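Asker: model this:
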Amino acid sequence: MGPTGTDTLRLELAEALRSSGLRVTAPRLGVLTALRARPHSDTDSVIRAVRLDLGSVSAQAVYNVLAALVDVGLVRRIEPAGSPALYEVRVSDNHHHVVCRRCGATADVDCAVGRRPCLTPSETSGYLLDEAEVTFWGLCPACQTEPGTTPT
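Answerer: Numbers count the residues shown, from 1 in each chain. Coordinates of the predicted model:
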């Protein structure tokens, strides 16, 4: 029998860990698998997903794994204003996010310029800029259909 899609994904994730200088462990694979399936997850959602996949794993272990994965660049941490930190595995490009003001749903938005920093401020104060973080805010399609929603 050949490898399943799940086996192929785990092999790919294991290679990404090794290439980043990290040991391959079940919690690391579990966190990456969870984030591949559910981008823009908060820590509690990642913990629940990893526990469903692996069984018993401590919350602290997941926090530690997330921190390690962010440190080596395999995971990106985003912090929309007024929201808990969210994590995603889409790290290899310059993209932004759109967040629903009502339910907090978050989605990726490709950068119109495609390179960093995608915005040029009127003044840099001598800084050498390498990134601009952009968050768009509005109502997601589901919240737009709720009663009492008026178009802007």
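Asker: Enumerate every residue touching A49.
Answerer: Taking Cβ atoms under 8 Å, 6 or more residues apart in numbering as the contact definition, A49 lies against 30, 33-34, 37-38, 41. Backbone N, C-alpha and C define where each C-beta goes, glycine included.
Asker: okay, these in JSON lines with pLDDT and neighbour count next?
Answerer: Listed next are these as JSON lines, based on pLDDT from 0 to 100; neighbours: other Cβ atoms under 10 Å:
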{"residue": "G30", "pLDDT": "96", "neighbour count": "25"}
{"residue": "T33", "pLDDT": "96", "neighbour count": "19"}
{"residue": "A34", "pLDDT": "97", "neighbour count": "24"}
{"residue": "A37", "pLDDT": "95", "neighbour count": "12"}
{"residue": "R38", "pLDDT": "96", "neighbour count": "15"}
{"residue": "S41", "pLDDT": "97", "neighbour count": "22"}
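Asker: Can you tell me, leaving aside adjacent residues, what's nearest to A37?
Answerer: Of all residues not flanking A37 in the chain, A49 sits nearest, at 7.1 Å (Cβ to Cβ, 6 or more residues apart in numbering).
Asker: Just the element for that neighbour, please.
Answerer: Under the criterion of DSSP states H and E, A49 resides in helix 43-54.
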